[in-house]
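Enquirer: Predicted structure and sequence below. I'll ask about it afterward.
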Amino acid sequence: MTQRINRRQFNQAAAGLAAAAAFAPFGIVRAQAAKLKVGVLLPRSGVQGFIGQSCQKGADLAPGVIKEMLGVDIELMNADTESNVDTARTRAERLIQEGAHVLVGPFDSGAAVAIAQVAEQRGVPFVINIAAAPPITKQGYKFVFRNFQTAIDIVRNGLDLIGDLFRASNVAPRTAVFMHVNDTFGQAMAKGIGAILPGRTQLPFKLVDTISYDPAAKDLTVEISKARASNPDFLLLVCRLNDAILLRREMVKQRWNPMGIISPGSPGMYEEQYFKTLGKLSEYSISNVPWYNPKAELTAVVEKAFLKQNPKDKLVFHALNVGFTFEAILIAADAFKRARSTEPKTLAEAIRQTNIAKKMMLGAPIKFSAEGQVEGIGSACVQNLGGIPTVVLPQDAATAKPVFPAPYYKKA
Amino acid sequence: MPWDLVLNVAIAGILTGLVYGLMALGLSVIFGVVRVVNFAHGEMMTIAMYAAVVLFAAFRLDPFLAVLPVAVAFFAFGYLLQAGLINPFITRPEHSQFMLLVAVAIVLVNGLLLAFGPDARNVLVDYQLESYAVGRILFDKARVFAAAMAVATSAALFAFFRFTRTGKAIRACADNYLGAKVVGLNVKRYYALTFGLGSACVAVAGCMMILLVDVTPSLGPAYTLLAFVIVIVGGLGSMGGALLGGVLIGLSEALAGVFIEPSAKSMFSFALLILVLLFRPQGLLGRKVS
């Protein structure tokens, strides 16, 4: 005989279920996410397209490497910011709507500011791979984290490494001419150098001239003539790729052979195109930039994965871009593993508690300050030797000795 | 300011200005005869630069040797462009000519982008990084050779218009369209010939310019604007004026960079343009319009 359920019993059962749902831990009522969805925002087209594609290589190899390291499953959701700030904002919104648990990117400071605003408003963690503008982590944001040096740190580390280079080479140049590209980045670096250099009394040189130039200039004859005429011991250069190539060629044409060309922290001279275009002329140029530790265990692991995916390429030409992008995703995955949740506040808190010692980029372990900034990220003195950007300082990461002054140096 | 710095920069400016002048000469010749302002002029020079790059990459052909095949190809291109596309627009309002050639320019730029992408290309010949030294004065070899070619090409063009029957016939068409038709000259054919010659000039300028700067598709509009500045300063329709204008612009940019600010070089060529328009609107060597 079937027992019929009366209305009272039904209502009691329903109330009981509701109470269970209300009081049960979130992880039981809603199934725990099996994988972490990482929204990767990079400029894969437009003016910064080449660098964005370089960063993407770091993102592409991350799931495989992190699965082996941490046992965490990652799903990448890639979006192209098109080197445009408004596009970056729109794509970030869309990724969040499509279910990204964390955002990673975007190489450019302008885009980083825009995405940070979106991430903070929507309460989704955002781990910045590369962006140097200092104010990004000074806004009091709770969901924004940066594992990269600020522009001030880049300049400070870059200048300190110049001192280390001179000590290691037992050379004390007295004068330098400072040339810089006349765009937002170049002007910011120039300001930083102007503020920090006077306080660096241990550096033996003074600037005899400062020459800015148009980043789109096709001819830098006048600029190099002026620089050469000031008769400096070496060239301090803040540049980008194409202008670095033009400058080097013009130096050869004008028979200007200073002790060396040193960048206190800018792209260009360590990039593959610089080597390909200039050949032997690219030798001995020096860039003091955040870099990977060539002797770190994780670097070897990442390099193996990189070569598997890019058999015709070399990690060393993508060191900065691949390294920091990989580490940004590693941070997100490490936090996910500890938090065992994709709930945004929980994930953000877990990121804040990050402490990763086993990393590939130079510097202190990855630990975030209260502002969401990793402090103690190191720079390396990277010199072009044998057609490869080579770490020559700090000594514990160096794979060769610095060559300074350059063999082509001719005293005027 | 060291004297050798000023002299080195001035010499480089003059040599570059001669190549600019050759580029502008083509524009001046076309306008002087056909009375069409070629708003795709810079884009055509960019194509010539790419042609030199391709020939160098494929056959290791020095741009000096590439001048002949590229100039011949451009002569044919210019002839066909004028005969086939531009000719019907000669008697139409000027804004129609303007829109037509701007459209041609946009098609050319985007075609180059599709074909070559946005990255800069160049040639790398042995002498490109060498220089002659006379005391403390340096002469960039590639610049000297390019300037010499520009002067030689200009001289050949002058001689053609001055001493050959065809050249005189073209000048007749320019001076008196109706009179030329009355005496039986095939004016349309001479117009096409002139456009071909102007295009060949641009081709030579492009082959020389690739020795001095890297080429990207976006270079076209910048060189169109530069060509206009030069011919307006020198005098629209004046061949000598185009060369003089080129040298003045090259020199003013160079010296402005030395005495004021390198990153504001191009400001001074436009300042010179404003002065010429204010005080001598027909250009330095142009004929005053009564």
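Expert: Everything's here; your move.
Enquirer: what number of residues lie near the residue in chain B that chain A sits nearest to?
Expert: For chain B, the residue closest to chain A is B:Gly257, as judged by C-beta to the nearest C-beta, at 3.4 Å. From N, CA and C alone the C-beta is placed, and that goes for glycine too. Residues lying near B:Gly257 (other C-beta atoms under 10 Å in any protein chain shown) number 27.
Enquirer: just B:Leu178 next, same as before
Expert: Around B:Leu178 there are 8 residues (other C-beta under 10 Å).
Enquirer: looking just at contacts, which helices and strands does the one helix or strand it maps to meet?
Expert: Following DSSP states H and E, one finds B:Leu178 within helix B:177-182. When contacts are defined as 3 or more C-beta pairs under 8 Å, 6 or more residues apart in numbering or on different chains; DSSP states H and E, helix B:177-182 sits against helix B:165-175, helix B:187-209.
Enquirer: where's the residue nearest to A:Ala119 when sequence neighbours are not counted relative to chain B, distance?
Expert: Nearest non-adjacent residue to A:Ala119, counting by C-beta to C-beta, 6 or more residues apart in numbering or on different chains: A:Phe126, 3.6 Å away. In this view, A:Phe126 and chain B are 29 Å apart by C-beta to the nearest C-beta, to the nearest Å.
Enquirer: which strand residues sit across from A:Phe126 in the sheet?
Expert: Note on A:Phe126: beta-bridge partners A:Leu103, A:Val144, judged by DSSP bridges.
Enquirer: Of the helices and strands packed on helix B:177-182, which stretch is the most buried?
Expert: Comparing the helices and strands packed on helix B:177-182 by mean neighbour count (mean count of other C-beta atoms under 10 Å in any protein chain shown), helix B:187-209 ranks first with a mean of 27.
Enquirer: and the helices and strands packed on helix B:177-182, which one is worst for confidence?
Expert: Lowest mean pLDDT of those: helix B:165-175, a mean of 88.
Enquirer: Between helix B:187-209 and it, find me the angle.
Expert: Between helix B:165-175 and helix B:187-209, the angle comes out at 110 degrees (axes from the mean of the first three to the mean of the last three C-alpha atoms, to 10 degrees).
Enquirer: Now for A:Gln53: which residues touch it?
Expert: A:Leu42, A:Arg44 (C-beta atoms under 8 Å, 6 or more residues apart in numbering or on different chains).
Enquirer: Can you name the helix or strand that it falls in?
Expert: Following DSSP H and E, one finds A:Gln53 within helix A:49-70.
Enquirer: mean confidence for that helix?
Expert: Across helix A:49-70, pLDDT averages out at 94.
Enquirer: Could you list the buried residues of the helix or strand just after it?
Expert: Counting by DSSP H and E, the element after helix A:49-70 in chain order, helix or strand, is strand A:74-80. Within strand A:74-80, the residues that count as buried by 16 or more other C-beta atoms under 10 Å in any protein chain shown are A:Ile74, A:Leu76, A:Met77, A:Asn78, A:Ala79, A:Asp80.
Enquirer: ok so, going back, can you tell me the element the residue of chain B closest to chain A falls in?
Expert: helix B:239-259.
Enquirer: buried residues in that helix?
Expert: Buried residues in helix B:239-259, counted by 16+ other C-beta under 10 Å: B:239-258.
Enquirer: just to revisit the earlier point, next one: the helix holding B:Leu178 to chain centre, how far?
Expert: With C-alpha atoms, centre = their mean, to the nearest Å as the basis, helix B:177-182 stands 29 Å off its chain's centre.
Enquirer: cool, and stretch A:263-275?
Expert: The mean C-alpha position of stretch A:263-275 is separated from the chain mean by 14 Å, C-alpha atoms, centre = their mean.
Enquirer: Can you show me the CA trace of that stretch as PDB?
Expert: The C-alpha trace of stretch A:263-275 is given here as PDB (Å, rounded to 0.1, in the frame of the first residue of the first chain):
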ATOM      1  CA  SER A 263      71.200  50.700 -20.800                       C
ATOM      2  CA  PRO A 264      70.000  51.100 -17.100                       C
ATOM      3  CA  GLY A 265      66.800  49.300 -17.900                       C
ATOM      4  CA  SER A 266      65.200  49.400 -21.400                       C
ATOM      5  CA  PRO A 267      64.300  46.900 -24.100                       C
ATOM      6  CA  GLY A 268      66.000  46.800 -27.500                       C
ATOM      7  CA  MET A 269      69.600  45.700 -27.200                       C
ATOM      8  CA  TYR A 270      68.900  42.100 -25.900                       C
ATOM      9  CA  GLU A 271      66.200  41.300 -28.400                       C
ATOM     10  CA  GLU A 272      66.700  38.800 -31.200                       C
ATOM     11  CA  GLN A 273      66.100  41.400 -34.000                       C
ATOM     12  CA  TYR A 274      69.000  43.500 -32.700                       C
ATOM     13  CA  PHE A 275      71.400  40.600 -33.100                       C
END
